[in-house]
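J.: Provided below are the primary sequence and the corresponding predicted coordinates.
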Amino acid sequence: MPTMSRIEWTESTWNPVTGCTPVSAGCQNCYAQRMSVRLRHMGCQKYAAGFDVRIHEDVLGEPAKWRKPRLVFVNSMSDLFHDDVPTDFIVRVFDVMHAHPQHTFQILTKRGRRLKELSSVVKWGAHMWQGVTVESADHANRIDVLRGIDAKVRFVSFEPLLGDLGSVDLTGIQWAIVGGESGPRARPMDEQWVYWLKGQCEAQGVLFYFKQWGGVSKKRAGRVLLGSTWDDMPEISRGGGLGIPEEV
């Protein structure tokens, strides 16, 4: 079974790859690294190597066992486009996703260069959303890469939001997630950065999802913005567009 997730914008996680290495400022307080240490100490064999990059071939067959269609975040504990993940394994992960259109897969990366390199090697189905993380203006070029990816749903995760993005070109982007950093060493997020991004999403017709204010206690800080929660998401086509209802 997939791991049920507490991440607000998904339902489950699937990790055919675990482990990663820092690539930009957003990685400084990586939640996945902290979790991998805890899981290793708990004796979880999948994390016996801690946060070193590892592929898990035994996990590739999991989506075939899931009876209920669901929204799945791919590699919440890694980055599928990490340089240490072999291209042939990435292709196999995509093959599995193509074989199971009843699920909606969300892929998120900070590695725009490799995403661009492999965009002619892998193909995105309508049920496969591709996203990039942009934590500051220094990495806004990842959006330019994403714009060139042939995915029906292209999304940007502005989390952890670490600075004022200024004017952002969201042409060709369907969805934006915005959130502050959480955890013991969380860096602050200015509310004006959020307001400015929200306004740009509205002006450019991009769905806006506000995940959290973050901080040391993200639960206490909450996710209310301007008196409301903002949970806009792309439409999920259950059953690969065949109109198959969820189990009840």
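T.: Here it is on my side, so go on. Predicted, not measured: the structure shown is a model, and the values here were computed from it. Numbering: from 1, shown residues only.
J.: pLDDT weak spots in this protein?
T.: The chain contains residues with pLDDT under 70 at 1-3, 237-248.
J.: where along it do the helices fall?
T.: According to DSSP state H, the chain carries its helices in the segments 31-41, 87-99, 112-118, 141-147, 191-204, 218-221.
J.: and the ones you listed as TSV, adding mean neighbour count and distance to residue 12?
T.: (C-beta placed from N, C-alpha, C; glycine too.) Formatted as TSV, the helices of the chain follow (neighbours: other C-beta atoms under 10 Å; distance: least, C-beta to C-beta, whole Å):
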stretch	mean neighbour count	distance to residue 12
helix 31-41	15	16
helix 87-99	16	13
helix 112-118	18	23
helix 141-147	18	23
helix 191-204	15	26
helix 218-221	13	20
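J.: let me have those helices in CSV, adding distance to residue 4 as columns.
T.: CSV is the format used below for the helices of the chain (distance: least, C-beta to C-beta, whole Å):
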stretch, distance to residue 4
helix 31-41, 15
helix 87-99, 19
helix 112-118, 27
helix 141-147, 28
helix 191-204, 28
helix 218-221, 18
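J.: ok, now which ones touch residue 134?
T.: Residues in contact with residue 134 (C-beta atoms under 8 Å, 6 or more residues apart in numbering) are 140, 142-143, 156-158, 165.
J.: so which of the helices of the chain comes closest to residue 131?
T.: Nearest to residue 131 among the helices of the chain is helix 141-147 (7.2 Å), distances taken as C-beta to C-beta.
J.: give me the most central residue, the protein.
T.: Nearest to the geometric centre of the chain sits residue 108, at 3.7 Å (C-alpha atoms, centre = their mean).
J.: before we move on, the earlier item: show me which of the contacts of residue 134 are buried.
T.: Among the contacts of residue 134, those scoring as buried are 140, 142-143, 156-158, 165 (criterion: 16 or more other C-beta atoms under 10 Å).
J.: tabulate the residues you listed (a markdown table), appending distance to residue 70.
T.: As requested, the buried ones among the contacts of residue 134 are arranged in a markdown table below (distance: C-beta to C-beta, whole Å):
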| residue | distance to residue 70 |
| --- | --- |
| 140 | 32 |
| 142 | 27 |
| 143 | 28 |
| 156 | 23 |
| 157 | 19 |
| 158 | 25 |
| 165 | 31 |
